[in-house]
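> just a sequence and a predicted model for now, questions to come.
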Amino acid sequence: MPEVTIALLVLVIFLALAFDFINGFHDTANAIAASVSTGVLSPRRAILMAAILNFLGAVTIGTAVAKTIGKGIIDPVYVTQPLVVAALLAAIFWNLVTWYWGLPSSSSHALIGGIVGAGIAGHGFGSIHWLGPKSFSNIVQSLVISPVMGFGIAFALLVGLYWIFRRFLPHQVRDTFRVGQIFAAAFISFSHGSNDAQKAMGIITMAMISAGLLKEFTVPTWVMVACATAMGIGTASGGTKIIKTMGTKIVKLTPIQGFGADMTSAFVITLASHFGLPVSTTHVAAGSIMGVGATRRFSAVRWGVAGNMVTAWIVTIPITATLAYIFYWFLMSVLHLH
């Protein structure tokens, strides 16, 4: 194997683990924002619990999402090390920018945009699987539909819970769902690990096939453990900026609403992982929080903040695709690989 190929493969593994680490602290807020904002858990306890369950979710649920990322967007025959490096650099750069500004944009969008941009730069538009099962269009559909599902299911769940507990005293409802919300936060942390960690697994496996180290798309055990560990450590290092946006700026939550939002998000993400569809924890969690907020009255949801988040989501794929395109040609020029 040429030395440059080995060096680039090592760089891919490093960047993929860095992506999972950043995803861990960037998306930690999505899993625990509701429980922190309602005061059920302190930020420190919530982050520690999320870190452990992110790890368990990453190593115990299959690799269907990893295969979609590794084979669904671009044909493996077109994958090269510079292409993967460019995609990861674009995704990491955008994640750090949006984290700095406190914008809960999607790490999934960033990575998918990066793969598309680098693929187009390297092999043209024809190298991308635009249509078909587990293709780019299929993935985008799941990304768009999942937060809408979160909104609708969370709204319906809260209406049902309000009806079931209509004869309970307010403090009884509050105490019941303060306990329930801890379980719900644990469930969404586990589901986050089961879906998001697999994206880096798919990237590393894709790069190993390109380097000739694997004959078929099977995620090695050490890759699963390494990605889960990176995400767990990243989660444990999570910040508070996005927690504040997700937990208080969209709508102020009560324990019963936090429980409804978290359970809905966990259900939607787990369902997507089962079908091998990469979805955004950020999208789903935000949709669920808006859904529970809308049960009080639509004006209770701060739609201006929600609109800023939607804008960040919409621009993420085009921006990371453009960045990956630039990074790819920069790498090819620096490495004299034209």
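Looks like it came in fine.
> give the phi and psi angles for the residue nearest to V159 when sequence neighbours are not counted, as a check.
The shortest distance from V159 to any non-neighbouring residue, by C-beta to C-beta, 6 or more residues apart in numbering, is to T295 (6.0 Å). Where C-beta positions appear, they are placed from N, C-alpha and C, glycine not excepted. Per-residue torsions, T295: phi -70, psi -30 (degrees, to the nearest 10).
> I128 too?
Note on I128: its backbone torsions stand at phi -90, psi 140 [degrees, to the nearest 10].
> so for the residue lying closest to it once chain neighbours are set aside, what's the pLDDT?
What sits nearest to I128 in space, not counting adjacent residues and going by C-beta to C-beta, 6+ apart, is G119, at 5.3 Å. Looking at G119, its pLDDT is 93.
> what's near enough to touch G119?
Each residue near G119 by C-beta atoms under 8 Å, 6 or more residues apart in numbering is listed here: I73, I74, Y78, L83, S127, I128.
> how close does the residue nearest to V159 get to I204?
42 Å (C-beta to C-beta, to the nearest Å).
> sorry, back to before: from the contacts of G119, which land in helices?
L83 (DSSP state H).
> tabulate the contacts of G119 in TSV, adding columns for neighbour count.
Converted to TSV, these look like this (neighbours: other C-beta atoms under 10 Å):
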residue	neighbour count
I73	26
I74	26
Y78	16
L83	30
S127	19
I128	19
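> re earlier: who has more neighbours out of T295 and I204?
Using other C-beta atoms under 10 Å as the criterion, T295 and I204 rank with I204 on top: 27 against 20.
> in terms of secondary structure, what does the host helix or strand of that one contact?
Following DSSP states H and E, the helix or strand that holds I204 is helix 170-210. When contacts are defined as 3 or more C-beta pairs under 8 Å, 6 or more residues apart in numbering; DSSP states H and E, helix 170-210 packs onto helix 3-37, helix 43-60, helix 64-67, helix 81-100, helix 107-123, helix 221-236, helix 255-274, helix 281-294.
> closest to P147 out of those helices?
helix 281-294 (3.2 Å; C-beta to C-beta).
> and the closest one, how far from the chain's centre?
14 Å (C-alpha atoms, centre = their mean, to the nearest Å).
> repeat for stretch 265-280
10 Å.
> that older thread, using CSV, please lay out the helices and strands packed on helix 170-210 together with distance to M208.
Shown next, in CSV, are those (distance: least, C-beta to C-beta, whole Å):
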stretch, distance to M208
helix 3-37, 7
helix 43-60, 18
helix 64-67, 12
helix 81-100, 10
helix 107-123, 16
helix 221-236, 8
helix 255-274, 22
helix 281-294, 26
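> for F165, find the nearest of those helices.
Here helix 255-274 is closest among those (C-beta to C-beta), at 7.4 Å.
> picking that back up, which among the contacts of G119 gets closest to S333?
L83 (14.4 Å).
> need the contact list for S135.
S135 makes contacts with G72, I73, H129, as judged by C-beta under 8 Å, 6+ apart.
> residues contacting the nearest residue to the first one once chain neighbours are set aside?
For G72, the nearest residue in space outside its immediate sequence neighbours is K134; the separation is 3.8 Å by C-beta to C-beta, 6+ apart. Listed by C-beta under 8 Å, 6+ apart, the contact partners of K134 are K67, T68, K71, G72, G276, L277.
> which one of those residues is nearest H171?
Using C-beta to C-beta, L277 is the member of the contacts of K134 that lies nearest H171, at 40.7 Å.
> list the contacts of the nearest residue to that closest one once chain neighbours are set aside.
Using C-beta to C-beta, 6+ apart and skipping the chain neighbours, the partner closest in space to L277 is S142 (4.1 Å). For S142, the contacting residues are A272, L277, P278, V279, by C-beta under 8 Å, 6+ apart.
> okay then, goodbye and thanks.
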